[in-house]
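In: return atomic coordinates for the entry below.
(chains A, B, C and D)
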There are 4 protein chains.
Amino acid sequence: MIIIMEPSATQEQINTVMRALENKGFKTVLNHGDVMTVIAAIGDKRLIEPHSFQSYEGVRAVKIVQEPYKLASREGKQEDTVIEFSNGVKIGGKEKPVMIVGPCSVEQDIEGLLRVADAAKEMGCQFLRGGAFKPRTSPYDFQGLEEKALEYLAIAREKTGLLVVTELMDTLDLDLVCSYADVIQIGARNMQNFKLLKAVGKCNKPVILKRGPAATIREFLLAAEHIMYNGNDNVILCERGIKGVDNTATRNTLDIAAIPVIKKYSHLPLIVDPSHGTGRRYLIEPMAKAGLIVGANGVMLEVHHDPENASSDGAQSLNIPMFKKVMKDLNKLIGRIDYDNKHSDNNDFCCINV
Amino acid sequence: MIIIMEPSATQEQINTVMRALENKGFKTVLNHGDVMTVIAAIGDKRLIEPHSFQSYEGVRAVKIVQEPYKLASREGKQEDTVIEFSNGVKIGGKEKPVMIVGPCSVEQDIEGLLRVADAAKEMGCQFLRGGAFKPRTSPYDFQGLEEKALEYLAIAREKTGLLVVTELMDTLDLDLVCSYADVIQIGARNMQNFKLLKAVGKCNKPVILKRGPAATIREFLLAAEHIMYNGNDNVILCERGIKGVDNTATRNTLDIAAIPVIKKYSHLPLIVDPSHGTGRRYLIEPMAKAGLIVGANGVMLEVHHDPENASSDGAQSLNIPMFKKVMKDLNKLIGRIDYDNKHSDNNDFCCINV
Amino acid sequence: MIIIMEPSATQEQINTVMRALENKGFKTVLNHGDVMTVIAAIGDKRLIEPHSFQSYEGVRAVKIVQEPYKLASREGKQEDTVIEFSNGVKIGGKEKPVMIVGPCSVEQDIEGLLRVADAAKEMGCQFLRGGAFKPRTSPYDFQGLEEKALEYLAIAREKTGLLVVTELMDTLDLDLVCSYADVIQIGARNMQNFKLLKAVGKCNKPVILKRGPAATIREFLLAAEHIMYNGNDNVILCERGIKGVDNTATRNTLDIAAIPVIKKYSHLPLIVDPSHGTGRRYLIEPMAKAGLIVGANGVMLEVHHDPENASSDGAQSLNIPMFKKVMKDLNKLIGRIDYDNKHSDNNDFCCINV
Amino acid sequence: MIIIMEPSATQEQINTVMRALENKGFKTVLNHGDVMTVIAAIGDKRLIEPHSFQSYEGVRAVKIVQEPYKLASREGKQEDTVIEFSNGVKIGGKEKPVMIVGPCSVEQDIEGLLRVADAAKEMGCQFLRGGAFKPRTSPYDFQGLEEKALEYLAIAREKTGLLVVTELMDTLDLDLVCSYADVIQIGARNMQNFKLLKAVGKCNKPVILKRGPAATIREFLLAAEHIMYNGNDNVILCERGIKGVDNTATRNTLDIAAIPVIKKYSHLPLIVDPSHGTGRRYLIEPMAKAGLIVGANGVMLEVHHDPENASSDGAQSLNIPMFKKVMKDLNKLIGRIDYDNKHSDNNDFCCINV
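Out: Numbers count the residues shown, from 1 in each chain, chains lettered A, B, ... in the order given. Now for the predicted structure:
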């Protein structure tokens, strides 16, 4: 249940409603939007007569949120969530799409990482990504440099000013990863590692949550809900491909339609990962463009200074010259995006124009 | 096996090579390209030493085509296939993307159809689509008006000059459908109806072949090969969505990456159908744009004068005012497409710029 | 809507109800069961007040059949359908499961076919299968011997008394195939070739309908409904595997649970095809047993006199000695099946005991 | 690479080979089988000439294991792994299949749990299962009683002698769960939570590893490899259903063929979970039988004293009277299984007879 307060509602009126809900056994979550304030009441709605709350002072409307995700739902919070970083970078809403680039894994050769970071900076990217702890299908594959990788990423941040994104795989490493990262990534295979979702819900860093390879959109948004329910509103969703009918032409099926679908049902920022989403270098540029033109708030892509000798995912990584060529075209497209002409007044259309 | 002839090769040299192949038990197919002439030799390559053909006069190169599809393969024919209609409309290669629009089924109310056709004409579309024979999951659903629908489509063509696209479901109806249609559509559920593929292979109309809902790209191109092998080179492929992990948010998963993948492996024109591909009206515009920006040669979309009362697929059809709004934006995007700046010189990139 | 008549209802009472329904614009279908007579009324149920039919003489109950398939549904016809052939062989219900065996394609070497047929006869099988028209993914693969194959099958029938099962791929071949076959097979890739379903609905031979590789059970039963709706009640369903998440270990995922699911929702006989369902010879015996123990009314399996040199599907065919070994064990299991102890009185259980 | 030692090889000969491998940079793992001793050497095989090891004393054969899983592979260890518990219960190989039963979640009402445990004991089951930490798609669903649940399970073990199986969700809870459980379960959604696999690899309790809902068999066996590589050989695999084309008739598609496939490629014990695998109560008995007849070493099923009011998974739980009825029939089938007549001498058949 969602209780929408009048713009003029006082804090005391809000508190009164919340206390009444809590007395009925509901957990309450307060969202202060620019336009209105909304109280999400979570609990067994059979215990109350929802519309009895209609008569409280300051209440504009009482709505039953149909979706099982409450906090992630656009029904409960109409305005797009925009996350702002300390250096002024913003992601979400009508902000310019961001670029998150870097190698799949951080490797011994820090010079290689720094060359990638320099190129990213040069091309106007905002984030540097790199794995310190690697989820690998086989135990015989490279498992990541762990803390040393985090140190290298910090050095690259120091040098370039790029923000650092890195994956957390275990609750045990939470403090360590938080001490280095600007954004914590939860990988696709951990999308339903609920203990990990709970842990990052309690930390104060934004989280990139990747969609599981066989997850429905409902399951994806409920995974985000686990993080938000535990207190962290700064969730960035990432579409990175699902298992499809053809796993020879591409590694995964990048579900481009999921982007406007999620934009319709949720206010959270949403990015696209064409590197994992296709597993093929030649598809990165077209699929990044496809994601941007349907409304993605950012693109994550894998760049390596020497893909042929990468410890992981070389076949889907761009080398530095290719990356610059791709970025030139992506920047051109980003420059053309005209958010103000999107049909935002019309629920039936959620389109980006160029 | 593919034998590439010198541009200067004479017809006699070509004939000599073909006869030699046929004597070895191969079936041969001749492709005259703008740049070069290629002979595809189909048969058991263990019976010959391919490179023995290298020494024939007029032969530039002998290549083993790895893909099981020979005629549809870009290895055998490098230049994009461009199909030209009697009214000058062209589809494929660097031609401006075409628009194929109309109702799912042609219905009793011919006025409705004519209103859609007029709007399509007004917005610069080239083709009118409409089902006469409808493949329906349930026998209790509307099955189509059959020949009367074909007559209505012909009337609309007369009035607007639009070319007519309609689906063939049975070899028995081939002559009837050919006598009305400019392009014959083979539906997704018939993608592996091999008798039907053979039949349209023997007719002289271009064919739109829709990808089956669980077909791999290899199976899709082999279905095209069935048509081409039987003599019809004018095959237009259509990506229309596959079964994915989530069938509640969308009806199918539109496989946008299949577009650049197919462009890499085949020279055939390729269009995208965001109406069936998503089953949701609000996703048509963004997904049409996604298809165009990765290189689709056209878009097929469902438009109905009164979707709420359509006999089929109302939920995914645009009404006429929505259609005009969508077309305005699509035309803007189409106008920006800059094919000459695509990285066509580089196999690792096949990108469209805007 | 289903109208269940009293066992004592007269023909005139039945006719009265049917005329009343037809006057309301419904199509009616009459099912005479052993226990009761049921009228299926197909049409727009908003046009009538269903329970007004309750008061007609001879009517015991009026039920809204929820499933979109009416004639195939167990709601409308409680008793299992049992199909009896002229030689006394029966399939369905509590009849002993039948065995349908033979090569994927009939080949030039008729002696090989006769050796398989003899072995099938010797091991107690009832049906000989073999393809005359072959649906092949590639046009360069063996396409079948066509009429000559039908003649060979007829010779084998003459010699062994086995009934002949063969696939129909095109409405144009219907009369030809009907003149030779005892049972017509519709292949998985034609499950939604609605024109073909309609055609076999109008012929008087039993039909084996294979489940499409990505078909839901609802789509499968609606495909059967197309055949029944056109007048042919003798439909035998065949589970033959669906596209799953792993296509390297097995060719398809044989959906064993579909067997008890379909038994719950439909009265039609149902067989299992472990050869296509797995694509691996070593899985045929265990998966045939799995199918039988959950209630399949028969097993279809591929046997070839020389699998290493088969024109198609050699890797999933048994040779004759293996086939005899497998049949010995299957016959042992079939002999143990105790249908009378199945919990048929309880909707929550539909189990076979051994 | 796998090095198979002569049965007569001395410990010193074994040590010599292992040291030589380690000097070449390989990790070595020693398997003492009943019949032979095998050394698995993991590392970059390009660094050595494998067959140079052939000449070491005591070496019978050197084999390149093709599969990426080494320790889980039957190539490296031919004999079935049999796990024996302190109370004499055994699982794997030709041992009688075991039954693992209990509620999805342990709930407040300990009396209910004890009633289920008593019924399990009475029907001859060996293990009691129950969730203490519950992975739930929504944060608003019941999350488990945590340590109190573990205490309840220990009380039930005390009373009945059943062994306790419970799920571990987080490395942080490892010591706690190990102090109560006899077998640790890793849930399907954590199949690729590699940190958790590593953690249970270092503990001394047997582990039930459930197949992820979209995992290939290769990915599944590699997940087992992660556990074994970290030192724990006692892995029990569990097939529990994959995402299929139809999620309305059943919750998942139980991949029965995966059982004989895994038996062919791995020596590990393997059980089947028809409760999660179908999500439908009426399918539990037939699918348990299907699993047993293709060679499962055990069955896991959900039983609740009051399924209508269960905190989770009520729709797929048996109540106690149904459970007894099902067990009566399963025990009858288990009693008939004749392992000694399986065609174990023939790689092409791996069949169970009844």
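
In: tell me who's in contact with A:Leu153.
Out: A:Val106, A:Leu113, A:Leu128, A:Gly130, A:Ala132, A:Val164, A:Thr166, A:Tyr180, A:Ala181 (C-beta atoms under 8 Å, 6 or more residues apart in numbering or on different chains). To be clear about C-beta, it is placed using only N, CA and C from the backbone, and glycine gets the same treatment.

In: helix or strand right after the host helix or strand of it?
Out: Using DSSP states H and E, A:Leu153 maps to helix A:147-160. As assigned by DSSP H and E, the chain's next helix or strand after helix A:147-160 is strand A:163-167.

In: from A:Ala315, how far off is A:Gly131?
Out: Distance, A:Gly131 to A:Ala315, using C-beta to C-beta, to the nearest Å: 16 Å.

In: now do A:Asn87
Out: 33 Å.

In: more neighbours: those two, which one.
Out: The neighbour comparison of A:Asn87 against A:Ala315 (other C-beta atoms under 10 Å in any protein chain shown) goes to A:Ala315, with 13 against 10.

In: so which residue is smack in the middle of chain A?
Out: Nearest to the mean C-alpha position of chain A, by C-alpha atoms, centre = their mean, lies A:Ile236 at 1.8 Å.

In: quick one: buried residues of the helix or strand hosting A:Leu30?
Out: Following DSSP H and E, one finds A:Leu30 within strand A:27-32. Across strand A:27-32, burial judged by 16 or more other C-beta atoms under 10 Å in any protein chain shown covers A:Thr28, A:Val29, A:Asn31.

In: from the residues you listed, list the ones also adjacent to chain B.
Out: With respect to chain B, and counting by C-beta under 8 Å from any C-beta of the partner chain, no part of these is in contact.

In: for C:Ile208, state which of the residues you listed is nearest.
Out: A:Val29 (56.9 Å; C-beta to C-beta).

In: who does the longest helix seen in chain A touch, helix- and strand-wise?
Out: In chain A, with assignment by DSSP state H, the single longest helix is helix A:320-336. Contact here means 3 or more C-beta pairs under 8 Å, 6 or more residues apart in numbering or on different chains; DSSP states H and E; on that basis helix A:320-336 packs against strand A:98-102, helix A:110-122, helix A:284-293, strand A:298-302.

In: need those in JSON lines with mean neighbour count, distance to D:Met123 and mean pLDDT, can you?
Out: What follows is the helices and strands packed on helix A:320-336, written out as JSON lines (neighbours: other C-beta atoms under 10 Å in any protein chain shown; distance: least, C-beta to C-beta, whole Å; pLDDT from 0 to 100):
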{"stretch": "strand A:98-102", "mean neighbour count": "26", "distance to D:Met123": "56", "mean pLDDT": "98"}
{"stretch": "helix A:110-122", "mean neighbour count": "19", "distance to D:Met123": "60", "mean pLDDT": "97"}
{"stretch": "helix A:284-293", "mean neighbour count": "29", "distance to D:Met123": "55", "mean pLDDT": "96"}
{"stretch": "strand A:298-302", "mean neighbour count": "27", "distance to D:Met123": "53", "mean pLDDT": "97"}
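
In: of all those, which one is nearest chain C?
Out: Closest of the helices and strands packed on helix A:320-336 to chain C is helix A:284-293, at 22.6 Å (criterion: C-beta to the nearest C-beta).

In: can you name the residues in contact with stretch A:9-28?
Out: Residues contacting stretch A:9-28 (C-beta under 8 Å, 6+ apart): A:1, A:3, A:5, A:30, A:37, A:39-44, A:47-48, A:53, A:56-60.

In: so what's the residue in the stretch 1-150 of chain A that chain B sits nearest to up against?
Out: Closest to chain B within the stretch 1-150 of chain A is A:Glu67: 11.4 Å, counting by C-beta to the nearest C-beta. Contact analysis of A:Glu67 by C-beta under 8 Å, 6+ apart lists A:Ser73, A:Glu75, A:Arg218, A:Leu221, A:Tyr265.

In: so of those, which ones are in strands?
Out: Counting by DSSP state E, none of the members of the contacts of A:Glu67 fall within strands.

In: counting neighbours, which of those comes out on top?
Out: Result: A:Leu221 is most packed of those (other C-beta under 10 Å), 26 neighbours.

In: gap between A:Asn309 and A:Ser317?
Out: In terms of C-beta to C-beta, A:Asn309 sits 11 Å off from A:Ser317.

In: and A:His304, how far is that from chain D?
Out: According to C-beta to the nearest C-beta, to the nearest Å, A:His304 stands 21 Å off from chain D.

In: go on, A:Thr37?
Out: Plainly put, A:Thr37 is 22 Å away from chain D if you go by C-beta to the nearest C-beta.

In: one more: A:Leu268?
Out: For A:Leu268 relative to chain D (C-beta to the nearest C-beta), the value is 15 Å.

In: could I get the full set of strands for chain A?
Out: Going by DSSP E, chain A shows strands at A:2-5, A:27-32, A:37-42, A:59-63, A:83-84, A:90-91, A:98-102, A:127-129, A:163-167, A:183-186, A:207-210, A:235-239, A:270-272, A:298-302.

In: how far is the fifth one from where the chain is centred?
Out: Which is strand A:83-84. 12 Å (C-alpha atoms, centre = their mean, to the nearest Å).

In: show me what that strand is packed against.
Out: Strand A:83-84 packs on strand A:90-91, going by 3+ C-beta pairs under 8 Å, 6+ apart.

In: which residues touch the strand it packs on?
Out: A:Val82, A:Ile83, A:Glu84, A:Val98, A:Ile236, A:Pro269, A:Ile271, A:Asn297, A:Gly298.

In: so A:Pro50 makes contact with A:Val59?
Out: No - using C-beta atoms under 8 Å as the test, A:Pro50 is too far from A:Val59 to be in contact (11.1 Å).

In: A:Leu30 touches A:Ala41, doesn't it?
Out: No - when contacts are counted by C-beta under 8 Å, A:Leu30 is not listed as touching A:Ala41 (10.4 Å).

In: mind listing what A:Val101 touches?
Out: A:Val116, A:Ala120, A:Cys125, A:Phe127, A:Leu128, A:Arg129, A:Met300, A:Leu301, A:Glu302, A:Val303, A:Phe323.

In: what does A:Met191 give?
Out: A:Met191 is in contact with A:Leu209, A:Lys210, A:Arg211, A:Gly212, A:Ala215, A:Glu219, A:Phe220, A:Ala223, counting by C-beta under 8 Å, 6+ apart.

In: ok, these vs C:Ala154, which is closest?
Out: A:Ala215 (53.6 Å).

In: stretch A:165-182: which residues count as buried?
Out: Judged by neighbour count using 16+ other C-beta under 10 Å, the buried positions of stretch A:165-182 are A:165-171, A:173-174, A:176-178, A:180-182.

In: centre of the chain versus the worst-scoring helix or strand of chain A on mean pLDDT, how much separation?
Out: Every helix and strand of chain A was ranked by mean pLDDT, DSSP states H and E. The lowest is strand A:27-32, at a mean of 81. Centre-to-centre, strand A:27-32 and its host chain are 21 Å apart (C-alpha atoms, centre = their mean).

In: repeat for stretch A:89-99
Out: 11 Å.

In: flag every buried residue along that stretch.
Out: A:Val89, A:Lys90, A:Ile91, A:Gly92, A:Glu95, A:Lys96, A:Pro97, A:Val98, A:Met99.

In: cool, stretch A:5-16 as well?
Out: Within stretch A:5-16, the residues scored as buried using 16+ other C-beta under 10 Å are A:Met5, A:Ala9, A:Gln13, A:Ile14, A:Thr16.

In: how close does the last one sit to A:Asp329?
Out: Okay, so that is A:Thr16. From A:Thr16 to A:Asp329 the distance is 55 Å (C-beta to C-beta).
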